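Peer 1: Fold the following, please.
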Amino acid sequence: MVVVFVLVTAALSLAWSHAKLMSQDEMYAFQTYSVRSVAELVQVQRTEPISLDPLLYPLLAHAGMKAFGAGAFALRLPALLGFLLMQVCLFFFVRRLAGERAGAVAAAFPALTATLFYSAEGRPYGLMLGLYALALWCWQVATRESANKRRGWALVGLAAAIALTINAHYFGILLLVPLCAAEGLRSLQRRQTDWPVVVAIYAGMAGFAATMPFLKAAGEFRKNYYNAGSVGLHDITRAYRSIFVDYTQMSMPAQHLWMALLVAFAAALVWGCARVMRGGLGPQIPAAEWVLLLTLAALPFCGYLLARFVTHSIEVRYVLGAVVAISAMLAVAISPWLRRDGVFAAVMLALGVAIVGAGAARIHAEQKKTEARLASLALPAEAKSALDANPDGHLYVQDLGAFEEDRYYEPDADVRARMTLVYSSAEEMRWNRHDTMALTAMHIARFTGLPVVSYESLRAQPGEHLFVLYHTGWDWTDQAFAEDGARVRPVGHAMAGDVAAVGFQ
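Peer 2: Predicted structure coming up:
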């Protein structure tokens, strides 16, 4: 049955990936990972990164592109395999806690949550989920088995899982919190240190050294990063909400209702686990394993503290590993009822229907979104005429995300060739209080060969320049044009923005 759920998850993820356009962040990753060689990839990540991650995911995606061609499938393949690895490891981990039926529930549940999105996103987060679950399973086997061959492999797997997690994403260091807490309690209970396990944990920690060259390169962005200093307690609740649904698309009343339901779910989950723990309703679960699950479930709190006192920035996707613990705890909490054949069959049927139904709805919504986006890329006649008549010959875009996505998917080769990115550290700092986009643009210019110009150089050129304006928080052109007294002549609409001819005095 677990195999069926894994295959269903793979099918839904692949369908979602096929329907989904590459996002701005995926474009950064694609441009980096599709370089000619591993040596060039390492050089880019060490000197001029635009995808600010350690080396593990770039290497895996680069290998995928060599095998399957440079495209979205190869870019996203490591994320999908990581998500499937999470499901498999959850099954084996929870089977030792509460039986095979509970293991099946734990393996299936993540596919029902919003984290399924990261199995179809060419970033490290789906891979991290798999490595988190692998580390938990290896630690469990290593601590439960006596000195034998299986324990030896589990220790090697534990060290590797820790090192790989840290090299998948800098916030992967948080994996050490539940592992060290659980092993610390176990040592206190045993009144002695299990040195092979401790050595495996330390060996995995040593993998952090491999991130240092890339962490230093990414540190260039830290001084004026786009969300630096915005860390708050709301990031904790945002992380838990984002595990289950994309709450950003909800109205505020719907968000409040969802938050109330989430609180009720958390209370029921804690009650169910406590009932199993104290009531003798199932296998005796070691206290250290409860600590492991509880501290991993609290990963958003740990992420908040790391961001608050060290990194000064966080995204909710950095701490989605909590879903591994939540899935395991849910399965354990309902395990007493799963002993009944009818209840188990009903739960599995409900999970299967819900996963397929939710997945189909997500894929349909993504297809509609993609169709609308692609339709917006067709330049209207008036905008195309203005572009053809413009002696400058370029179509300028300052919004980096729009430039990345629109240029890649623009069906008109002539329009695509004319699209040119505009950046300015000074203007971005003046109007947006960060220089993330400008730094990224300069790095893009150095190793991709894409057309990139500075706003300052363009402002000094006579004549009219054709811009696509987006009037968003990322696009500072409206303010800069007004400050510089530029003449802005509306031309039309295209690419979900306004096309205008801009002349500088």
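Peer 1: so who does F208 touch?
Peer 2: I166, I173 (Cβ atoms under 8 Å, 6 or more residues apart in numbering). To be clear about C-beta, it is placed using only N, CA and C from the backbone, and glycine gets the same treatment.
Peer 1: Go ahead and flag the most central residue of the protein.
Peer 2: Nearest to the mean C-alpha position of the chain, by Cα atoms, centre = their mean, lies Y125 at 4.1 Å.
Peer 1: give the contact list for the residue nearest to it when sequence neighbours are not counted.
Peer 2: Sequence neighbours aside, Y118 is the residue nearest to Y125 in space, at 4.2 Å (criterion: Cβ to Cβ, 6 or more residues apart in numbering). Applying Cβ under 8 Å, 6+ apart to Y118 gives the contacts A79, F83, Y125, G126, L129, R317, L320.
Peer 1: Just give the nearest non-adjacent residue to the last one, would you?
Peer 2: Pointing back at L320 there. L320 sits nearest to T115 (Cβ to Cβ, 6+ apart), 5.4 Å away.
Peer 1: Might you list the low-confidence residue ranges for the protein?
Peer 2: 147, 280-283 (pLDDT under 70).
Peer 1: picking up where we left off before, for W271, see how far away the residue nearest to L320 is.
Peer 2: Per Cβ to Cβ, to the nearest Å, T115 is found 24 Å from W271.
Peer 1: More neighbours: these two, which one.
Peer 2: Set side by side, T115 and W271 show more neighbours around T115, with 25 against 11, by other Cβ atoms under 10 Å.
Peer 1: Make sure that one is actually in contact with G321.
Peer 2: No: judged on Cβ atoms under 8 Å, T115 makes no contact with G321 at a distance of 9.4 Å.
Peer 1: list the residues that contact both of those two?
Peer 2: Joint contacts of T115 and G321 (Cβ under 8 Å, 6+ apart) are L129.
Peer 1: which among the contacts of Y118 gets closest to M442?
Peer 2: Checking these against M442 by Cβ to Cβ gives R317 as the nearest, at 25.7 Å.
Peer 1: which residues sit in contact with A135?
Peer 2: Contacts of A135 were listed using Cβ under 8 Å, 6+ apart, and they are L158, A161, I162, T165, L175, L179.
Peer 1: burial measure for the last one, as a count.
Peer 2: It refers to L179. Per other Cβ under 10 Å, the neighbour tally for L179 reads 24.
Peer 1: What about F68, how many residues nearby?
Peer 2: 12.
Peer 1: Any figure for the gap between Q45 and N167?
Peer 2: 11 Å.
Peer 1: Need the overlap of contacts for these two.
Peer 2: Common neighbours of Q45 and N167 (Cβ under 8 Å, 6+ apart) are L55.
Peer 1: returning to what we had before: ok, of the contacts of A135, which one's closest to W337?
Peer 2: When the contacts of A135 are compared for distance to W337 (Cβ to Cβ), L179 wins out at 30.4 Å.
Peer 1: Which of the helices or strands spans that closest one?
Peer 2: L179 belongs to helix 176-190 when assigned by DSSP states H and E.
Peer 1: List the contacts of that helix.
Peer 2: 135-136, 139, 143, 162, 193-194, 197-198, 201, 205, 286-289, 291-293, 295-296, 299, 302, 325.
Peer 1: Just the buried ones from those?
Peer 2: Neighbour-count burial (16 or more other Cβ atoms under 10 Å) applied to those gives 135-136, 139, 143, 162, 197, 201, 205, 286, 288-289, 291-293, 295-296, 299, 302, 325.
Peer 1: Which residues are in contact with the residue lying closest to V422 once chain neighbours are set aside?
Peer 2: Spatially, and ignoring its direct neighbours in sequence, V422 is nearest to Q398 (4.5 Å; Cβ to Cβ, 6+ apart). Residues near Q398 by Cβ under 8 Å, 6+ apart: L421, V422, Y423, Y455, F467, L469, Y470, D475, W476, T477.
Peer 1: Now, the residues you listed that are in helices?
Peer 2: By the criterion of DSSP state H, membership of the contacts of Q398 in helices covers Y455, T477.
Peer 1: could the contacts of Q398 go into CSV alongside neighbour count?
Peer 2: Shown next, in CSV, are the contacts of Q398 (neighbours: other Cβ atoms under 10 Å):
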residue, neighbour count
L421, 22
V422, 27
Y423, 23
Y455, 21
F467, 26
L469, 21
Y470, 19
D475, 23
W476, 21
T477, 25
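Peer 1: between the contacts of Q398, which is closest to Q505?
Peer 2: Nearest to Q505 among those, with distances taken as Cβ to Cβ, is Y455, at 14.9 Å.
Peer 1: Now the closest one: closest residue in space, sequence neighbours ignored.
Peer 2: Of all residues not flanking Y455 in the chain, S424 sits nearest, at 3.7 Å (Cβ to Cβ, 6+ apart).
Peer 1: T448 too?
Peer 2: Q31 (5.2 Å).
Peer 1: ditto for Y57
Peer 2: Y57 sits nearest to P124 (Cβ to Cβ, 6+ apart), 4.2 Å away.
Peer 1: Give me the distance between that neighbour and V397.
Peer 2: Distance of P124 to V397, computed by Cβ to Cβ: 28 Å.
Peer 1: more crowded one of the two?
Peer 2: Comparing P124 with V397 by other Cβ under 10 Å, the one with more neighbours is P124, at 31 against 24.
Peer 1: what separates the more buried one from A61, distance-wise?
Peer 2: In this structure, P124 and A61 are 10 Å apart, going by Cβ to Cβ.
Peer 1: Mind giving me the packing neighbours of the one helix or strand E428 maps to?
Peer 2: In this structure, E428 sits in helix 425-432 according to DSSP H and E. Applying 3 or more Cβ pairs under 8 Å, 6 or more residues apart in numbering; DSSP states H and E, one finds that helix 425-432 makes contact with helix 436-447, helix 477-484.
Peer 1: Highest mean neighbour count out of those?
Peer 2: Using mean count of other Cβ atoms under 10 Å, the stretch among the helices and strands packed on helix 425-432 with the greatest mean number of neighbours is helix 436-447 (a mean of 20).
Peer 1: which residues touch that one?
Peer 2: Contacts for helix 436-447 (Cβ under 8 Å, 6+ apart): 28, 31, 35, 44, 48-50, 220-221, 224-226, 400, 421, 423-425, 428, 450, 452, 474.
Peer 1: change it to 6 Å
Peer 2: Contact with helix 436-447 is made by 44, 48, 50, 221, 225-226, 400, 421, 423, 425, 428, 450, 452, as judged by Cβ atoms under 6 Å, 6 or more residues apart in numbering.
Peer 1: Now, the residues you listed that are in strands?
Peer 2: L421, Y423, V452 (DSSP state E).
Peer 1: gap between the second one and E410?
Peer 2: Y423 is 20 Å from E410, where distance means Cβ to Cβ.
Peer 1: just T47 next, same as before
Peer 2: Distance check for T47 against E410: by Cβ to Cβ, it reads 30 Å.
Peer 1: So between these two, which is more surrounded?
Peer 2: More crowded of T47 and E410, by other Cβ under 10 Å: E410, with 20 against 15.
Peer 1: Work out for me the element the closest residue to the more buried one other than its chain neighbours sits within.
Peer 2: Leaving aside its sequence neighbours, E410 sits nearest to R416 (Cβ to Cβ, 6+ apart; 4.2 Å). Assigned by DSSP H and E, R416 falls within helix 413-418.
Peer 1: what sits against W153?
Peer 2: With Cβ under 6 Å, 6+ apart, W153 has no contacts at all.
Peer 1: 10 Å - rerun?
Peer 2: W153 is in contact with C138, V141, A142, E145, counting by Cβ atoms under 10 Å, 6 or more residues apart in numbering.
Peer 1: so what's the backbone phi/psi at V343?
Peer 2: With angles defined as degrees, to the nearest 10, V343 sits at phi -70, psi -40.
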